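J.: Any chance you could fold what I've pasted below:
(one chain, ligands or ions: 1)
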Amino acid sequence: MATGALLKSSKFVSSQCLKVVASQTRTFTSQLNDQQKAIQELTRSFSNEYLKPNAAKHDLERRFPFDAIKKLTDLGLMGACVDKEYGGLGLDYLSLAVAVEELSRGCASTGMIVSIHNFLYANLVNEKGTPEQKELFLRDFTKGAIGCFALSEPGAGTDVANIRSRAHLDGDKWVLQGKKSWVTSAIEGSATAVFATLNPELRHKGIACFLVPMDAEGVFRGKKEPIMSVRAATACTVTLDEVKIPRGYMVGEEGEGFKVAMEQLDQGRIGIAAHAVGIAQSALDTAINYAKERVAFGKSLTRLASVKDRLTDMCILVETARLATYRAATDVSTKNSAMAKYIAGRNAAAVADHCVQIMGGRGLSTEYDAERHYRDARGTQIYGGVTDIQKRLVGHFLLKEHDAL
Ligand SMILES: Cc1cc2nc3c(=O)[nH]c(=O)nc-3n(C[C@H](O)[C@H](O)[C@H](O)COP(=O)(O)OP(=O)(O)OC[C@H]3O[C@@H](n4cnc5c(N)ncnc54)[C@H](O)[C@@H]3O)c2cc1C
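T.: You can find the predicted model right below:
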């Protein structure tokens, strides 16, 4: 049989898929360099030892994984891409993406917390902060302090240019007023990047980015949002009531905040795509392990054609999502990260759905992991930018490349 025909054969792909998952190896490993492989091994072992055994309990109790975050801090992973002089590991984005994938495979909430802290906060300060800002808002954030990214508002989610939080100068202080919503880790966090407008009429051109200590006077955290996904992580509103911060806490220039936010979201989407791949891989592992043990009609589920087909689909969905995510992490662009998030979020939801189906009634039971994967996978199509807008971004850049806008 020719190779093409062989690869198209569902039987062949099924058997390869079963082999791959059974041995817990992943494809693409050969494309990682030694450092990336070392991070993968480290986070995979950490995930298996510390995260997987506690993930269901933390989810059920909606308990923030403080112990895991402390251990990850000790491993340097809360400053994965931060320059070594500020206490980071100085890794590349692909290493961080691989780490987020492995951590999310063990516990989606932990993977999400690590992803947002690194891709949306620490990397922003590391890449765009002044030396003074890095001293105050970065050094401690590789050693245990948690950082946040406050862009969304009650009236501005996808429509970022519509944000209403205001900033104005009063002498040598910026004064911030407004309300931010869904700020991940705000309850546990020590500082946040805040996006506010200097003039709402200017829409995106009026926005600026500020670094705000969470203990500054006038910063109020709301209650933890009761969400269906990543329940051990926290997200809440943050109210800014006449918050005064020094002039030097603005990142970049006045009016550059929208650009800062969009550039950071290009990275953030790589993180959420990697997080989605980890959840999907865990759903595939869960389904295979169950299908091997469960007997129906005198044989294990893995020998039923419909189950094999589902497992095959799951394998293809996981691997294509991983490919798109790793590509986006090595070749960063709005188009690539939007495409990776689009593919990985949708694929994770489809894989988790197959997992529930393969497990039958147990797939719906809160005693098994499948329903958690299903809930966690769904979230990846919302936070970091909804799937619908990712598709529009890909289309926009595709047509731009072809001079066809
Ligand atoms: C668990 C969680 C954690 C989060 N963490 C953070 C965080 O740390 N920091 C932060 O700033 N935000 C955070 N968010 C907010 C998140 O990024 C927003 O919820 C998301 O961007 C969507 O905004 P929205 O909820 O206002 O939905 P909307 O913008 O109101 O969109 C609702 C729906 O309308 C449609 N839609 C809207 N606009 C378009 C468009 N232009 N094209 C096509 N369809 C469109 C889509 O179907 C979309 O799903 C978090 C959210 C959640 C749930």
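J.: Count the neighbours of the residue in the stretch 201-350 of the chain positioned nearest to the ligand for me.
T.: Residue nearest to the ligand within the stretch 201-350 of the chain: Ala235 (4.1 Å; Cβ to the nearest ligand atom). To be clear about C-beta, it is placed using only N, CA and C from the backbone, and glycine gets the same treatment. Neighbours of Ala235 under the rule other Cβ atoms under 10 Å: 21.
J.: same question, the one 10 residues further on
T.: The number of residues packed near Ile245 is 22, by other Cβ under 10 Å.
J.: If we ignore the residues flanking it in sequence, what's nearest it?
T.: In this structure, Ile245 finds its nearest non-sequential neighbour in Trp174, 5.2 Å apart by Cβ to Cβ, 6 or more residues apart in numbering.
J.: If I look at the spatially most central residue of the chain, what pLDDT would I see?
T.: The residue lying closest to the centre of the chain (Cα atoms, centre = their mean) is Ile272, at 2.6 Å. Ile272 carries a pLDDT value of 98.
J.: Can you confirm whether whichever strand or helix holds it lies near the ligand?
T.: Secondary-structure element containing Ile272, defined by DSSP states H and E: helix 257-293. No: shown here: helix 257-293 not in contact with the ligand (Cβ under 6 Å from any ligand atom), separated by at least 8.5 Å.
J.: Give me the buried positions along that helix.
T.: For helix 257-293, burial by neighbour count (16 or more other Cβ atoms under 10 Å) applies to 257-261, 263-288, 290-291.
J.: counting contacts, what elements does the strand or helix carrying Gly361 pack onto?
T.: Using DSSP H and E, Gly361 falls within helix 360-364. In terms of contacts (3 or more Cβ pairs under 8 Å, 6 or more residues apart in numbering; DSSP states H and E), helix 360-364 is packed against helix 334-358, helix 370-379.
J.: so after the shortest one, what's the next helix or strand?
T.: To tie it back to what came earlier, the one meant is helix 370-379. Assigned by DSSP H and E, the successor of helix 370-379 is helix 387-401.
J.: contact partners of that following helix?
T.: Residues outside helix 387-401 that contact it (Cβ atoms under 8 Å, 6 or more residues apart in numbering): 158, 269, 333-335, 338-339, 341-342, 345-346, 381, 405.
J.: between those, which is nearest Cys315?
T.: When these are compared for distance to Cys315 (Cβ to Cβ), Arg346 wins out at 15.8 Å.
J.: what residues are up against the closest residue to the ligand within the chain?
T.: Closest residue of the chain to the ligand, Cβ to the nearest ligand atom: Gly157 (1.8 Å). Applying Cβ under 8 Å, 6+ apart, we find Gly157 in contact with 181, 386.
J.: start at 620 instead
T.: With the count now opening at 620, the last piece we talked about shows up as Gly776.
J.: distance of it from Trp801?
T.: Applying Cβ to Cβ, to the nearest Å, the value for Gly776 to Trp801 is 8 Å.
J.: show me the contacts for the closest residue to Thr816 other than its chain neighbours.
T.: Nearest residue to Thr816, sequence neighbours excluded (Cβ to Cβ, 6+ apart): Gly825, at 4.5 Å. Shown in contact with Gly825 (Cβ under 8 Å, 6+ apart): 816-819, 874.
J.: likewise Met881?
T.: With contact set as Cβ under 8 Å, 6+ apart, Met881 has these partners: 779, 953.
J.: And the one 10 residues further on, by the same measure?
T.: By Cβ under 8 Å, 6+ apart, the residues touching Ile891 are 731, 734, 960, 963-964, 999, 1002-1003.
J.: From those, pick out the ones that also neighbour the ligand.
T.: Answer for the contacts of Ile891 near the ligand (Cβ under 6 Å from any ligand atom): 1002-1003.
J.: from the contacts of Ile891, which single one is nearest Ala810?
T.: Nearest to Ala810 out of the contacts of Ile891 is Ser734 (Cβ to Cβ; 17.4 Å).
J.: Count the neighbours of the closest one for me.
T.: By the criterion of other Cβ under 10 Å, Ser734 has 30 neighbours.
J.: Could you find the closest non-adjacent residue to it?
T.: Using Cβ to Cβ, 6+ apart and skipping residues adjacent in sequence, the residue nearest Ser734 is Gly890, 3.5 Å away.
J.: That neighbour touches Val717, doesn't it?
T.: No: counting by Cβ atoms under 8 Å, Gly890 sits too far from Val717 to count as a contact (11.3 Å).
J.: pLDDT score assigned to Ser723?
T.: Confidence at Ser723, expressed as pLDDT, is 99.
J.: by contact count, what packs against the helix or strand hosting it?
T.: Using DSSP H and E, Ser723 falls within helix 712-725. When contacts are defined as 3+ Cβ pairs under 8 Å, 6+ apart, helix 712-725 sits against helix 653-665, helix 671-680, helix 727-734, helix 876-912, helix 924-949.
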